[in-house]
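Novice: Have a look at this prediction, sequence included:
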Amino acid sequence: MRELLSGNEAIARGAYESGVTVATGYPGTPSTEILENVARYRSQIYSEWSPNEKVAFEVAAAASCAGARSMVTMKHVGLNVAADPLMTLSYIGVEGGFVACVADDPGMHSSQNEQDTRRYARFAKIPIFEPADSQEAKDFFGLALEVSEKYRTPTILRSTTRVSHSRSLVELEKREALDREMGMEKNPPRFVPIPVWGRMMKEKVADRLSSLAEEAERSLANRIERRDRSLGIITSSISYQYVREVWPQASVLKLGFSYPFPDRLIREFADGVDEVLVVEELDDFLEEHVRSLSIDCRGRDVISGVGELSVGRLLASRAKMEGREPPSPDRSFAQGLPARPPVLCPGCPHRGVFYALGRHEVVVAGDIGCYSLAAFRPLDRMDIILCMGGGVSMAHGFDKAGDRRAVVGVVGDSTFFHSGITGLIDIVYNRGRSTIIVLDNRTTAMTGHQDHPGTGRTLQGEATKALSIQEIGRACGIDRVTTVNPYDLRATEAAIAEELAAEEPSLIVSLAPCPLRERRPVGPVRVIDTDLCKGCNKCLKLGCPAIELEGDVPRINRFLCGGCGLCQEVCPHHAISSMEAR
Ligand code: SF4
Ligand code: SF4
């Protein structure tokens with residue numbers, strides 16, 4: 001039976017069919033739907049959102065060491081968080097097959113950087129597989145698991161935004177029946193990488209890499225497509241699809257098992273063509289290696305490594321190689337439409353906090369989440385963002401640098417559990433005095449409303465203990481812990497002013513659920529009485545997309561209004577009221 005599946009759905013299906021029994025992860029676009037789809041097989045696969053990628057990686061690694069086929073999912077920056085266990089799991093090796101499914105985001109559609117996960121495979125000396133469509137996403141998952149068990153190595157299945165989110169037909173098969181007794185064998189020289197055993201492990205890793213290179217030479221995931229011999233293109237992942245459209249006559253070496261590099265195959269391919277071109281997104285990972293084999297090739301000189309590739313970009317590269325003028329870009333269907341910059345949703349509880357922060361001259365260290373949108377005008381109240389959890393620790397850094405202004409760190413609830421807690425401990429331990437605000441909207445909103453340790457629900461839909469951010473703050477040693485309702489602007493402003501003035505660190509929890517998750521408005525729709533409105537435009541300073549200008553006069557779009565009432569609170573002329581009250 002065939003089904004139309006996204007790449008992420010296909011990876012989940014691959015996990016199911018391959019007999020995976022333990023799956024963990026942390027949400028992050030474009031990888032999130034992998035684990036959400038794995039969770040649908042709840043009677044066969046245990047799945048969980050872990051507090052962060054490092055924890056998720058370690059849970060899945062342990063399950064694998066006990067013999068279970070296991071997987072972990074994350075986006076590319078998540079692998080930075082999990083890099084510590086990754087590097088040593090490579091030494092220890094695995095028992096049950098272990099696949100880390102990592103999705104890169106070329107073009108930074110929803111990420112803070114563009115990084116190339118293939119570098120991690122080489123860094124950790126483990127194999128990597130790169131599917132180019134949904135069928136391959138499913139098949140390569142199975143292949144990665146097979147290679148993992150055969151060579152007792154962790155493996156990476158690398159997707160990208162286009163592979164993860166595009167749909168294509170996939171042949172479905174039955175789940176592989178496994179009858180295994182789980183349990184970790186006691187064998188310290190095998191599992192304990194203290195120096196004396198770690199050195200021996202490193203020797204084994206080197207030997208394993210040579211064997212894996214042989215496996216890559218033979219793998220059906222790597223194939224030569226012979227066509228016209230004047231140009232041969234080496235490519236992988238989604239770039240393969242673009243190559244077939246832009247150079248339909250060219251010979252192609254498609255690498256699906258791309259590391260360790262299949263050197264003989266690369267040489268054989270290059271020997272059979274007049275000119276070699278490497279087409280790859282992000283880093284010049286393949287090109288660098290092809291050149292190291294003394295094979296002359298083109299690549300970065302005609303295809304930039306910045307941003308996402310597309311057929312249009314590669315048509316321009318082809319024209320450049322052939323000394324022609326680049327074709328004029330296709331008129332996009334979106335051309336001519338007004339720009340629609342990302343904004344906090346109408347009714348978003350974060351808006352009140354940033355509006356209140358705007359009344360103070362403070363430095364705001366932000367974090368990864370929807371609230372990063374507060375960096376845009378008119379709120380304009382986020383000064384720097386580094387990484388998950390960085391909002392808390394960076395606030396402490398600004399404080400210790402002696403910034404003359406008060407310092408505020410802003411972090412979301414899911415991000416607080418992910419990696420904000422250790423920063424809080426640092427502030428207390430090292431006698432800082434920053435004000436940390438946790439924007440607790442009771443969900444991991446930005447990635448599509450996943451649960452986390454504070455929500456009281458697991459990925460598999462079971463009720464569980466909900467951790468209290470306030471109690472954790474107190475346990476970390478923060479004495480000043482306040483909870484505010486961000487829709488009560490006056491109370492929020494007062495709490496922020498009070499904590500900024502305090503001579504010790506404080507934690508403000510801004511508590512209000514995301515209205516999109518609740519699927520209901522916060523309150524009644526508001527309306528502007530044009531007779532009372534004086535046109536002061538104070539309501540526009542909230543940056544609510546439901547408040548529009550009609551000529552010079554603001555009006556509220558009743559179909560967008562989330563009923564939060566913030567505009568009513570800020571209007572000095574009492575021109576805004578709820579529709580119900582009229
Ligand atoms: S804040 Fe009130 S008076 Fe000022 S523009 Fe908005 S609705 Fe009119
Ligand atoms: S228009 Fe006013 S009440 Fe409606 S969502 Fe925007 S700020 Fe809230």
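Specialist: Okay, I see it. All values reported here derive from a predicted model rather than from experimental measurement. Ligands and ions are numbered 1, 2, ... in the order given.

Novice: Specify the local secondary structure of the residue in the stretch 351-500 of the chain that ligand 2 sits nearest to.
Specialist: Using CB to the nearest ligand atom, R351 is the residue of the stretch 351-500 of the chain that sits closest to ligand 2, at 6.9 Å. C-betas here are computed from N, CA, C, even on glycine. When classified by DSSP: H, G, I helix; E, B strand; the rest coil, R351 comes out as helix.

Novice: Can you show me the helices along the stretch 201-350 of the chain?
Specialist: For the stretch 201-350 of the chain, the helices defined by DSSP state H, counting those that start in this stretch cover 239-246, 263-271, 285-292, 311-321, 350-357.

Novice: Pick the most deeply packed of those helices.
Specialist: Of all the helices of the stretch 201-350 of the chain, helix 350-357 carries the top mean neighbour count, a mean of 25, counting by mean count of other CB atoms under 10 Å.

Novice: Please work out which residues outside stretch 519-534 touch it.
Specialist: For stretch 519-534, contacts defined as CB atoms under 8 Å, 6 or more residues apart in numbering pick out 347, 349, 487, 512, 515, 539, 553-556, 558, 561-565, 567-568, 573-582.

Novice: now do 7 Å
Specialist: Stretch 519-534 is contacted by residues 347, 487, 515, 553-556, 558, 561-565, 567-568, 573-580, 582 when judged by CB atoms under 7 Å, 6 or more residues apart in numbering.

Novice: What's the end-to-end length of it?
Specialist: Criterion CA to CA, to the nearest Å; first-to-last residue distance in stretch 519-534 is 34 Å.

Novice: Is there proximity between it and ligand 1?
Specialist: Yes: contact of stretch 519-534 with ligand 1 (CB under 6 Å from any ligand atom) involves 528, 533-534.

Novice: Could you pick out the buried ones from these?
Specialist: 528, 533 (16 or more other CB atoms under 10 Å).

Novice: Among the residues of stretch 519-534 next to ligand 1, which lie within strands?
Specialist: Residues of the residues of stretch 519-534 next to ligand 1 located in strands (DSSP state E): I528.

Novice: Give the buried residues for stretch 542-556.
Specialist: Of all the residues in stretch 542-556, those buried under the rule 16+ other CB under 10 Å are 542-547, 554, 556.

Novice: Please list which of these are also close to ligand 1.
Specialist: Filtering those for proximity to ligand 1 by CB under 6 Å from any ligand atom leaves P554.

Novice: Just the buried residues of stretch 542-556: which are in strands?
Specialist: Judged by DSSP E, the subset of these located in strands is 547, 554, 556.

Novice: and K54, what is it in contact with?
Specialist: 81-82, 84-85.

Novice: what helix or strand does it sit in?
Specialist: In the assignment (DSSP states H and E), K54 maps to helix 53-65.

Novice: which is the next helix or strand following that helix?
Specialist: Going down the chain from helix 53-65, the next helix or strand is strand 70-75, by DSSP H and E.

Novice: now that following strand against helix 53-65, angle please.
Specialist: Inter-element angle recorded for strand 70-75 and helix 53-65: 160 degrees (by axes from the mean of the first three to the mean of the last three CA atoms, to 10 degrees).

Novice: Please render the contacts of K54 as a markdown table that adds pLDDT and neighbour count to the earlier fields.
Specialist: Formatted as a markdown table, the contacts of K54 follow (pLDDT from 0 to 100; neighbours: other CB atoms under 10 Å):
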| residue | pLDDT | neighbour count |
| --- | --- | --- |
| V81 | 97 | 23 |
| A82 | 98 | 26 |
| D84 | 98 | 12 |
| P85 | 98 | 23 |
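
Novice: out of these, which one sits closest to ligand 1?
Specialist: Using CB to the nearest ligand atom, the contacts of K54 come closest to ligand 1 at V81, 43.2 Å.

Novice: How much space separates T160 from M446?
Specialist: For T160, the distance to M446 equals 19 Å [CB to CB, to the nearest Å].

Novice: the more surrounded of these two?
Specialist: Set T160 next to M446 and count neighbours by other CB atoms under 10 Å: T160 wins out with 29 against 22.

Novice: okay, the more buried one: pLDDT?
Specialist: Looking at T160, its pLDDT stands at 97.

Novice: Ok, M388 next?
Specialist: 96.

Novice: That one is in contact with S372, isn't it?
Specialist: No: the pair M388 / S372 is not scored as a contact, 11.4 Å apart, by CB atoms under 7 Å.

Novice: Tell me which of those two has more neighbours.
Specialist: Neighbour count, other CB under 10 Å: between M388 and S372, M388 has more, with 25 against 19.

Novice: quick one: buried residues of the lengthiest strand in the chain?
Specialist: Taking DSSP E as the criterion, the chain has its longest strand at strand 228-236. Neighbour-count burial for strand 228-236 flags 231-236 (criterion: 16+ other CB under 10 Å).

Novice: So which bits of the stretch 451-582 of the chain are right by ligand 2?
Specialist: Neighbours of ligand 2 within the stretch 451-582 of the chain, by CB under 6 Å from any ligand atom: 526, 542, 544, 546-547, 556, 561-567.

Novice: circling back: quick one: which of the contacts of K54 is nearest to ligand 2?
Specialist: V81 (34.6 Å).

Novice: My read is that M74 contacts V99, right?
Specialist: No: proximity of M74 to V99 does not meet the contact threshold set by CB under 7 Å, at 11.9 Å.

Novice: which residue packs closest to G389, ignoring adjacent ones?
Specialist: S419 (2.9 Å; CB to CB, 6 or more residues apart in numbering).

Novice: Could you report the separation of that neighbour from ligand 1?
Specialist: 39 Å (CB to the nearest ligand atom, to the nearest Å).

Novice: Ok, T447 next?
Specialist: Per CB to the nearest ligand atom, T447 is found 34 Å from ligand 1.

Novice: Touching, that residue and P30? I think so.
Specialist: No: the criterion here is CB under 7 Å, and T447 misses it with P30 at 9.7 Å.

Novice: of the two, who's got more company?
Specialist: A direct count of neighbours by other CB under 10 Å for T447 and P30 places P30 higher, at 25 against 21.
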